[in-house]
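Participant: Below are the sequence and a predicted model for it; my questions follow.
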There are 2 protein chains.
Amino acid sequence: MALRDDQIGGQLIGSGWLAGQGEEFLSEPASGAARRFTSATSAEVDGAARAAEDAFAAFAATTAQHRARFLDRIAAEMRAREERITVIACAETGLPEARIRAEFARTTGQLRLFAQHALTRGWLDERHDPGLPTRIPPRPDLRLIQRPVGPVAVFAASNFPLAFSVAGGDTASALAVGCPVIVKAHQAHLATSEIVADAVDTARKAERLPPGTFALLQSATRMTGTALVTHPLVRAVGFTGSTVGGRALFDLCAARPEPIPFYGELGSVNPLFVLRGAGLRRGAEIARAWATSLTQGAGQFCTKPGLVILPAGEIAERFLQVAVEALAETPSQCMLSDTIAQGFRVSIARLEEKSGVVTGHNTVAKEGRDMGPVLLRTTADAFLADPEMAEEAFGPGGLAITVADPEEAVALARSLSGQLTATVHGDPEDQAEARALFGILERKAGRLIWNGFPTGVEVADAMVHGGPFPASTNFGHTSVGTLSIRRWLRPACYQDIPSGLTPVR
Amino acid sequence: MALRDDQIGGQLIGSGWLAGQGEEFLSEPASGAARRFTSATSAEVDGAARAAEDAFAAFAATTAQHRARFLDRIAAEMRAREERITVIACAETGLPEARIRAEFARTTGQLRLFAQHALTRGWLDERHDPGLPTRIPPRPDLRLIQRPVGPVAVFAASNFPLAFSVAGGDTASALAVGCPVIVKAHQAHLATSEIVADAVDTARKAERLPPGTFALLQSATRMTGTALVTHPLVRAVGFTGSTVGGRALFDLCAARPEPIPFYGELGSVNPLFVLRGAGLRRGAEIARAWATSLTQGAGQFCTKPGLVILPAGEIAERFLQVAVEALAETPSQCMLSDTIAQGFRVSIARLEEKSGVVTGHNTVAKEGRDMGPVLLRTTADAFLADPEMAEEAFGPGGLAITVADPEEAVALARSLSGQLTATVHGDPEDQAEARALFGILERKAGRLIWNGFPTGVEVADAMVHGGPFPASTNFGHTSVGTLSIRRWLRPACYQDIPSGLTPVR
């Protein structure tokens, strides 16, 4: 049956929308009426996985041209629903319309990028060692290409209701190579997920692709995700979310009788170092830009520069004064969900309780989803003594750390765990210190930035959105950019196989 | 101190050989006197890991030219020791001299191949998205390259004392990109490992590379491997060995506070399907070649075609008669160790006890390391009913399975777990059946073979030595061929970073 306004709440599995069998729950939109959804049951997860497996052979055998048309058509079907998507996403997430429209453009652009990338064939990694029949011993003819791994599970992110969600980067990259996708929607934007899934499903039908090519599961219980990642027919998982939740799913994937890769993008505090020369000359400017980057999207970006490291003394004091002024002018913003707002309050309260942490500015709301920014400060000594201070606080808050000298900055860099990004602000006179820091930070982060800000993750060929744990569970991969396609591929070698017997591609 | 004939038995850590601190044990060579070794202690593992980490920055910053010279020089230092290596390896493993000499050539060839591959730069995956400062929003300049992951642990294989051991493929590929390597030698060839390690160490000194670039650990206890894969400074692991041992180490890597990738090549039975047309016309020829492939190197190849699937009736009976005749002429061969010989005896005895399994030929020795070949047979029905029959028996033994019709062959293919290889023998009239089988086998194996045999793994650009679990723990990678270099790399993105601040390469 087709999706109608009055049929919201079930799962998209196989050939259409099913009235959910599982437990009912209500969405918690930032504005407007709550809607009724049902959590996908184990049987529904099993149905989605079987449908995906049934679809795999035919979908994997489609041409790149066909899959590119499919991705482009998903974008077109989304555009046909743009006004409804925008209204619903704004109501559910509380994000401003301009942000949702920008994210919408990014999402359709991403679909277009992967459609084009599918056609390049570079990702196929084609290699050929021609047979050497007269060599002793003879060498057979060997051809290598990358092949899709099979059904892929995608866990949508809370903080990107479109770009890292139902038809986001994980889905686009997996569909581009011929992997069926089962999306587990995020609870923060259930109705948005449903309408985007309807766009994908409409595009799938128009492109005459098998029913199991795409599925959407809604849920309010952990059981659904557990059933999904432990299902024997699921071959790989993409995830964007919290360190605790991601680690639990990673552990389940690793403990399977047949382990599968779990590509999780988890937590990151994205340190930003201000060096002496830059701090002296451009401290106020950097402070203002940092405050903007910190509070953008209510601080709910994976790449929020949550730690700023400042030379103690006049540079730090001036920087913090300007930052506090900028934050004081930053209005409170609606957070993505009550749970996320509450999590932020708890993180900040835990930091504020620590001896050695001083509050510079705090407009955190005691309750509700509207949240003002917060700035805390501490010293490198205190920070190095307490690993908890390096944990992510997901929301509009930052921790400034003052360092007595460049050696302390280096020690602090060394103490950090894996990060999505690491940034250094320096002037020409800071080069030696910058080089020393980059030498350490390069081991810690997927992306290094000079005199810039980490928010705004460009979807491009050279982007890396990943890094050592806990930034990601697979430091060898990225979840943004065209290289992210590699997560859904496995190399296969064809020895002396005539062309009629090798896979269509 | 330099390695002398009378100083065998310790660990190579940092700047030289250490008299081992751990428990003493004796090697068990196939011929000649046992030698005394000591198991590396946790403290020694820690020393090796710290030395590797200390070496990493400088080694990662070497030019590809420098690392290529290092690999070439390792090959040269091995050649300077070729006679001693050959004598010692033959005595330890019981493998014939011709085999050791061929493997020696393969090992030095592999070092040369990775030296050349390091120079190609293709593995660097260089990508550049130039800045677009006038775009709204502006795009920063983004450069991506692959960087070495850090210290790598390599577990040497039992069955390739040179090619998958101290200076084998894992070590060569990791050194090629700038990762220091800590090798855990295999107990089946301890003295061989030591002399090859001396060759690597001599080359390292000649190339003025830091002491921690390479280490060798000997051990007779599981503790050493556990300490190695759980050491916080070890960033990735390469392993070739048993499913049980590999899975235990994989689980340890996944359970670390900061999980690391474990690239394990574990068990495989490498099914070989003979289709009707080929069986009718060339059955005897295929049977003889299969018996040769089965018993090569005493059946101790990861790619031994341990399962042969035959059309029931005249084709199967003639095939098996010829195979038994060929095996009857195959002399017994010395196995790699007492443990491996005993493991093979247990595997075969377990299979023979099963109802539905018939012994066609059995010259398995009741004791000792000299082992004759064995051929068992069963039906698809019996095989499909008992998953244990699909487990690897590491040694000169094969299981023939008769199928009533092509559908049963397809069902059997579907039942298989992950494999390194899958082979089909067919004539032109068998194409439809072959296509159906390859469609299934493509999901099961890293390498597909038409009218050939899986033993003899070519070290080439297009080789894949891997596959779904348990063939490997990472179906996205290969442990043989130039693509294996990707295991030791992680992508890094440099945003707006001036060339003086990016890593040397």
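Facilitator: Structure received.
Participant: Which neighbouring elements make contact with the worst-scoring helix or strand of chain A on mean pLDDT?
Facilitator: Each helix and strand of chain A was given a mean pLDDT (mean pLDDT, DSSP states H and E); the minimum falls on strand A:16-18 at a mean of 89. In terms of contacts (3 or more C-beta pairs under 8 Å, 6 or more residues apart in numbering or on different chains; DSSP states H and E), strand A:16-18 is packed against strand A:11-13. C-beta here means a position set from N, CA and C on the backbone, and glycine is covered the same way.
Participant: buried ones in the least confident helix or strand of chain A?
Facilitator: Judged by neighbour count using 16 or more other C-beta atoms under 10 Å in any protein chain shown, the buried positions of strand A:16-18 are A:Trp17, A:Leu18.
Participant: Going C-terminal from that strand, what's the next secondary structure element?
Facilitator: Where DSSP states H and E defines the elements, the next helix or strand beyond strand A:16-18 is strand A:24-26.
Participant: So for that following strand, mean pLDDT?
Facilitator: Average pLDDT, strand A:24-26: 94.
Participant: A:Thr330 is in contact with A:Leu375, isn't it?
Facilitator: No - if you go by C-beta atoms under 8 Å, A:Thr330 and A:Leu375 don't touch, sitting 10.5 Å apart.
Participant: any bit of whichever strand or helix holds A:Tyr494 sitting next to chain B?
Facilitator: Under DSSP H and E, the secondary-structure element containing A:Tyr494 is strand A:489-495. Yes - under the criterion of C-beta under 8 Å from any C-beta of the partner chain, chain B is reached by strand A:489-495 at A:Leu489, A:Arg490, A:Pro491, A:Ala492, A:Cys493, A:Tyr494, A:Gln495.
Participant: Contacts for that strand, please.
Facilitator: For strand A:489-495, the surrounding residues in contact (C-beta atoms under 8 Å, 6 or more residues apart in numbering or on different chains) are A:123, A:125, A:140-149, A:177, A:502, B:442, B:445-450, B:452, B:462-464, B:466, B:475-478, B:483.
Participant: swap in stretch A:421-433?
Facilitator: A:268, A:270-279, A:281-282, A:286, A:303, A:305, A:406, A:409, A:413, A:416, A:434, A:437-438, A:441, A:444-454, A:467, B:500-501.
Participant: buried sites along the longest helix seen in chain A?
Facilitator: In terms of residue count, the longest helix belonging to chain A (DSSP state H) is helix A:97-120. Going by neighbour count (16+ other C-beta under 10 Å), the buried part of helix A:97-120 is A:99-101, A:103-104, A:106-108, A:110-115, A:117-118.
Participant: The stretch 351-500 of chain A: helices as residue ranges?
Facilitator: Under the criterion DSSP state H, counting those that start in this stretch, the stretch 351-500 of chain A carries helices at the ranges A:380-385, A:406-415, A:431-444.
Participant: Can you tell me, leaving aside adjacent residues, what's nearest to the residue sitting nearest the centre point of chain A?
Facilitator: Nearest residue to the geometric centre of chain A (C-alpha atoms, centre = their mean): A:Thr240, 4.2 Å. Excluding its sequence neighbours, the residue lying closest to A:Thr240 (C-beta to C-beta, 6 or more residues apart in numbering or on different chains) is A:Ala157, at 3.7 Å.
Participant: Break chain A into its domains for me.
Facilitator: A:10-130+A:141-266+A:472-495, A:272-450 (automatic domain parsing).
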